[in-house]
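K.L.:
sequence first, predicted model second:
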Amino acid sequence: MAGGNSTTEAFVISRVFDAPRELVWTVWTDPKHLAQWWGPKGFAITNLTNDPRPGGIMHYSMQVPNGETWWGKFAYREVVPNERLVYLNSFSDAEANTVRAPFEEKWPREMLTTVTFGSEGDRTRVTIRWVPWNSDEEEHHVFDKNRDSMRGGWTGTLDQLAEHLKHAR
């Protein structure tokens, strides 16, 4: 079951990285690193600030392949260093106000996101759990029908993270 008023099952994706947990945490929370790998393949981060603490936000813009600029934000709810991030993920405007997704009118406005970081020897398992938050049944349906797209988007993002980790120290 999902959080908020959602009855949709969570989308979950996990990947093991060839890097220690502390380094993976750093590249996930330090804006200098995030700007190098965050987002779908083919999208370029053009602005990014990050304040990873309860009540803080990450606010970013990215240029999409067609030349448009999309804004997004994370509103942090829980931060446990080297272990877990919990935030509401949404599209936003340049002032960080939550807005509808630019690609699908009924995409959920907010996604409760939980990212966990677990050590596996000298490697790190990152697991992302994503679920619509404060959404209606139509939004749940759109979320459910887009699971393949979410898997593709997250896979590309995690591929970029893996490549970035090869050079981050």
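P.N.:
Looks like it arrived, so ask away.
K.L.:
which elements pack onto the lengthiest helix in the chain?
P.N.:
Longest helix in the chain, counting residues (DSSP state H): helix 147-165. With contacts defined as 3 or more Cβ pairs under 8 Å, 6 or more residues apart in numbering; DSSP states H and E, helix 147-165 has these neighbours: strand 11-17, helix 21-29, helix 31-37, strand 123-133. For glycine as for every other residue, the C-beta is placed from the backbone atoms N, C-alpha and C.
K.L.:
give me every residue that touches the spatially closest residue to residue 168 that is not a sequence neighbour.
P.N.:
Excluding its sequence neighbours, the residue lying closest to residue 168 (Cβ to Cβ, 6 or more residues apart in numbering) is residue 27, at 5.1 Å. Listed by Cβ atoms under 8 Å, 6 or more residues apart in numbering, the contact partners of residue 27 are 33, 34, 37, 161, 164, 165, 168.
K.L.:
pretty sure the last one sits against residue 34.
P.N.:
No - counting by Cβ atoms under 8 Å, residue 168 stays clear of residue 34, with 11.0 Å between them.
K.L.:
between these two, who's got more neighbours?
P.N.:
Between residue 168 and residue 34, counted using other Cβ atoms under 10 Å, residue 34 has the larger neighbour count: 21 against 17.
K.L.:
quick check: pLDDT value at the residue nearest to the more buried one when sequence neighbours are not counted.
P.N.:
Leaving aside its chain neighbours, residue 34 sits nearest to residue 48 (5.7 Å; criterion: Cβ to Cβ, 6+ apart). Predicted confidence (pLDDT) for residue 48: 97.
K.L.:
my guess is residue 48 meets residue 57, correct?
P.N.:
No - contact criterion Cβ under 8 Å: residue 48 and residue 57 do not qualify, at 11.2 Å.
K.L.:
give me the distance between residue 113 and residue 79.
P.N.:
Distance of residue 113 to residue 79, given as Cβ to Cβ, to the nearest Å: 12 Å.
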